[in-house]
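[1] One predicted model, sequence on top.
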Amino acid sequence: MEESKKDNMITDIIRRNYYLEQFFKYNDIHVNLLGDINNPLIVTEDNIVLSCFVSNFNLIFKDNSFEGKEIFTIKLKKEAQNAKDQLEKWVKSAAHRKIYLFTSEDGLYYSKYIKLYNHIFPLFSPAKELAYYVFQRQKAIEIVQKLKKSNIDLSIIY
C-alpha cells in the first residue's frame with residue numbers, strides 16, 4: 001500500500017474513533033476504546049464491553065457479543081446524534097460481556113510486563129485504553145497469583 005493511502009486510512013480510523021467516543025459522550029454514556037485501534041472494544045466505566053462494533057463509519061448494535069443479531073446501525077458523523085432512548089433500551093435488552101482489568105497500589109492500570117534476564121518488570125499506565133484485560137474472572141485470579149510470585153502486587157478491578 002502506498003504511503004499516502006496508508007496515512008489517509010490511519011487518519012480515517014482516528015477520526016472515526018473520535019466520532020465514536022463523541023457519540024457515546026453526547027448520549028451520556030462514558031466509554032473507553034480498548035484493544036485494536038481498527039476494531040476497538042467499546043467499554044463502559046463499569047468495565048462492560050458493549051455488544052456493538054464499528055465498521056467504517058457505521059456503529060452496529062447487536063443483541064449479543066457473539067453471533068448476535070444486528071439490532072440497528074447508526075452512521076457516525078461529525079455532529080453526534082441523539083439516540084438516548086434507543087441506546088437505553090438496547091443497553092438493557094442486549095447481552096454484554098464483562099472484562100477484568102488490573103491496578104497497582106497507586107491506582108495505575110497494569111499494562112504488561114517485560115522480562116529481562118530472570119526478572120519481570122511490570123509496566124503501568126494512567127490510561128485505561130492501555131490496560132491489559134481478560135474476559136474471565138478465573139483467568140484474572142490466575143494472573144494476579146502468577147505475578148505475585150514475582151513480587152508484583154496487582155488488584156483486580158471488578
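    Ah, there it is.

[2] For the spatially most central residue of the chain, which non-adjacent residue is closest in space?
    The centre of the chain sits closest to Leu34, judged by CA atoms, centre = their mean, with a distance of 2.8 Å. Distance criterion CB to CB, 6 or more residues apart in numbering; nearest residue to Leu34, sequence neighbours excluded, is Leu41 at 4.6 Å. All C-beta spots, glycine's among them, are computed from the backbone N, C-alpha and C.

[3] Could you pull up the contacting residues of the one you found?
    Under the criterion of CB atoms under 8 Å, 6 or more residues apart in numbering, the neighbours of Leu41 are 33-35, 49, 99.

[4] so which of the residues you listed comes closest to Glu67?
    Closest approach to Glu67 among the contacts of Leu41 (CB to CB): Val49, at 15.1 Å.

[5] Ser65 is in contact with that closest one, correct?
    Yes - assessed by CB atoms under 8 Å, Val49 is found in contact with Ser65 at 6.7 Å.

[6] what sits in contact with each of those two?
    96-97.

[7] Give me the distance between the residue nearest to Leu34 and Phe124.
    Shown here: Leu41 relative to Phe124, a distance of 20 Å by CB to CB, to the nearest Å.

[8] Check Glu88 too.
    35 Å.

[9] okay, those two: which has more neighbours?
    Phe124 (18 against 13; other CB atoms under 10 Å).

[10] which residues sit in contact with the more buried one?
    Per CB under 8 Å, 6+ apart, neighbours of Phe124: 104, 106, 108-111.

[11] so where's the protein shaky on pLDDT?
    Applying pLDDT under 70 to the chain flags residues 1-3, 6.

[12] and the closest residue to Tyr26 other than its chain neighbours, what helix or strand is that in?
    The shortest distance from Tyr26 to any non-neighbouring residue, by CB to CB, 6+ apart, is to Ala80 (3.6 Å). Ala80 belongs to no helix or strand when assigned by DSSP states H and E.

[13] quick one on the thing from earlier: separation between the residue nearest to the centre of the chain and Tyr132?
    10 Å.
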